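Student: Let me see the structure of the following:
(one chain, ligands or ions: 1)
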Amino acid sequence: MISLKGKTAIITGGGRGLGKAVALLLAQEGVHIGITGRNEEQLKKTAEELKATGVKVAYAAFDVASEAAVKAGIDALVAELGTVDILVNNAGIGKLGTLEAMSSSDWEQVIQTNLFGVYYTAMAVYPYLKAKGEGDIVNVASTAGLKGGATMSAYAASKAAVISLSQSMMAEWRKQNIRVITLTPSTIASDMSIQGGLTDGNPEKVLQPEDFAEWVRDILKMNRRALIANGSIFSTNP
Ligand SMILES: NC(=O)c1ccc[n+]([C@@H]2O[C@H](COP(=O)([O-])OP(=O)(O)OC[C@H]3O[C@@H](n4cnc5c(N)ncnc54)[C@H](OP(=O)(O)O)[C@@H]3O)[C@@H](O)[C@H]2O)c1
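Tutor: Numbering: from 1, shown residues only. Here you go, the predicted structure:
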C-alpha cells in the first residue's frame, strides 16, 4: 500500500456525516484537506477539528447544484491549498417520498444536487488532475442506484445516473492515470439515514461513518497500478 501523506484531498459534504469521517481519517494519514458544504458554521467547526491533526485545512461554502458556484469554490480551495490530488464527490441529499407525494421540483432538486453536483465538481477538479498526470476521484453513489424501490424514485434515479456517469469517467480518465472509483454503500448511520427513517443507527449492528472512511482510505492506499473501480459495503446483520 502507498502512503497518502502530503497529498491534498477535497471532500464535498465534508462538514458532517460520511464526508466528515473521511476528512478526519485522511487528515490522520497526513492528507491536507479541503471541505465543502452549504452550512458555513458547520464547515468552520469541522475545519477546527481537522486542524488539530496538523495538516493544512481549507473550506468553501457553495451549493453543488450550481455549476458556477462549484467552479469558483473548487478553484478557491485549490488556490488556498496549493494543489489537489484526490476528490471525494460525496455531497448529496436523500429526499424520499412516493411518486404521488413528491413534487416535480423536489425531483429536480435531487437530480440537480446528486447527479449534476457530482458532474460539476468532477469537471472542476479534472483540469488540475490532468495537468498533474494523476489523481483519484471517489464518486459516492448508493445501493439505491443499483435497484429502485418504493419512495426512492428520485434518489435511486440520481444514484443510478451517478454510477453510469462515474463508470464513463473511469473509462475515459484512467488513460491519464486518474483512478475513478464508484462506491455504492448501503445504509450507514448519519443524519440522512436516521432522519429518513432508514435505520436507528445502532452502532452494535449498523455501519458507521468511520467504517465508510476506513474503506475509502484503504481503496486510496492501493498501489497506483490498482484501481478498485466499483464497490459496495453493507452492514453484516443489521
Ligand atoms: N448514509 C447512508 O445511508 C448513505 C448510503 C448510501 C449513500 N450515501 C451517500 O453518501 C453521501 C453522504 O451522505 P450522508 O449520509 O453523510 O448524508 P448527510 O449526513 O445528510 O450529509 C450530506 C452532506 O452533503 C452536503 N450537501 C447536501 N446537499 C448539498 C448541496 N446542495 N451543496 C453542497 N453540499 C451539500 C451536506 O452539507 P450542508 O448541509 O452543509 O450543505 C452534508 O455535508 C450522499 O451522497 C449520500 O447519498 C449515504
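Student: Could you report the neighbour count for I188?
Tutor: Neighbourhood size, I188 [other CB atoms under 10 Å]: 25. Every residue, glycine included, has its C-beta placed from N, CA and C.
Student: hang on, I meant V216
Tutor: That count, for V216 with other CB under 10 Å as the rule, works out to 29.
Student: try the one 5 residues further on
Tutor: Around K221 there are 13 other residues, counting by other CB under 10 Å.
Student: List the contacts of the nearest residue in space to T8 that is not next to it in sequence.
Tutor: Excluding the flanking residues, the one nearest T8 by CB to CB, 6 or more residues apart in numbering is H32, at 4.3 Å. By CB atoms under 8 Å, 6 or more residues apart in numbering, the contact list for H32 reads 6-9, 55-57, 81.
Student: for this structure, what spans make up the strands?
Tutor: Along the chain, the stretches classed as strands by DSSP state E are 8-12, 32-37, 57-61, 86-89, 135-140, 178-185, 230-233.
Student: Format these as JSON lines; extra columns: mean pLDDT and distance to S168.
Tutor: Converted to JSON lines, the strands of the chain look like this (pLDDT from 0 to 100; distance: least, CB to CB, whole Å):
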{"stretch": "strand 8-12", "mean pLDDT": "99", "distance to S168": "19"}
{"stretch": "strand 32-37", "mean pLDDT": "99", "distance to S168": "23"}
{"stretch": "strand 57-61", "mean pLDDT": "98", "distance to S168": "27"}
{"stretch": "strand 86-89", "mean pLDDT": "99", "distance to S168": "14"}
{"stretch": "strand 135-140", "mean pLDDT": "99", "distance to S168": "11"}
{"stretch": "strand 178-185", "mean pLDDT": "98", "distance to S168": "9"}
{"stretch": "strand 230-233", "mean pLDDT": "98", "distance to S168": "13"}
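Student: In JSON lines, list the ones you listed along with distance to the ligand.
Tutor: Shown next, in JSON lines, are these (distance: least, CB to the nearest ligand atom, whole Å):
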{"stretch": "strand 8-12", "distance to the ligand": "6"}
{"stretch": "strand 32-37", "distance to the ligand": "3"}
{"stretch": "strand 57-61", "distance to the ligand": "7"}
{"stretch": "strand 86-89", "distance to the ligand": "8"}
{"stretch": "strand 135-140", "distance to the ligand": "5"}
{"stretch": "strand 178-185", "distance to the ligand": "4"}
{"stretch": "strand 230-233", "distance to the ligand": "9"}
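Student: quick one: A65 from I111, how far?
Tutor: Here the criterion is CB to CB, to the nearest Å. By it, A65 lies 9 Å from I111.
Student: quick one, which of those two is more surrounded?
Tutor: Taking neighbours as other CB under 10 Å, A65 and I111 compare with A65 leading, 21 against 17.
Student: which residue packs closest to the more buried one, ignoring adjacent ones?
Tutor: A65's closest residue in space is Q112 (CB to CB, 6+ apart), at 4.3 Å.
Student: now A21
Tutor: Counting by CB to CB, 6+ apart, the residue nearest A21 is P209, at 3.5 Å.
Student: who in this structure is up against the ligand?
Tutor: 13, 15-19, 37-39, 42, 63-65, 90-94, 113, 140, 142, 185, 187-188, 190-193 (CB under 6 Å from any ligand atom).
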